[in-house]
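S.K.: structure for the following, please:
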Amino acid sequence: MELRPLHDRILVRRLEQGEQVRGGIIIPDTAKEKPQQAEVTAIGSGKLLETGERVAPDLKPGDRILFGKYSGSDIKIEGHEYLILREDEILGVLE
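M.R.: All right, here's what the predicted structure looks like:
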């Protein structure tokens, strides 16, 4: 099953971070912060302006992005976890 986001929304998959051990203490999964980096999986057609024009997103599938800590909506499709963000919630593209 494929999901195509609508309008200015972007479907991303979080990039996993390696396990960090500080001072010999292993942090359990429930206490870890979720990563704020992701890879773009699918992109909507763009934001619709009041004039009727559609502005295409500046991203493409495969781009690595940074987003805010509490941005987007978590979803689960066929056992995989994704995040749907608006284009204006994305802070930058990693190059």
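S.K.: and the nearest residue to E2 once chain neighbours are set aside, what does it touch?
M.R.: Excluding the flanking residues, the one nearest E2 by Cβ to Cβ, 6 or more residues apart in numbering is A42, at 7.4 Å. To be clear about C-beta, it is placed using only N, CA and C from the backbone, and glycine gets the same treatment. Applying Cβ atoms under 8 Å, 6 or more residues apart in numbering, we find A42 in contact with E2, L3, R4, P5, I10, L11, P61.
S.K.: for those, which one is nearest I90?
M.R.: I10 (6.9 Å; Cβ to Cβ).
S.K.: among the contacts of A42, show me the least confident.
M.R.: For the contacts of A42, the weakest pLDDT value sits at E2, with 79.
S.K.: centre-most residue in the protein?
M.R.: In the chain, the centroid-proximal residue (Cα atoms, centre = their mean) is V12; its distance is 3.7 Å.
S.K.: and E16, how far is that from E81?
M.R.: To E81, E16 is 11 Å away according to Cβ to Cβ, to the nearest Å.
S.K.: go on, L48?
M.R.: Distance from L48 to E81, by Cβ to Cβ: 29 Å.
S.K.: look up how far A56 lies from the residue nearest to E2.
M.R.: In terms of Cβ to Cβ, A42 sits 14 Å off from A56.
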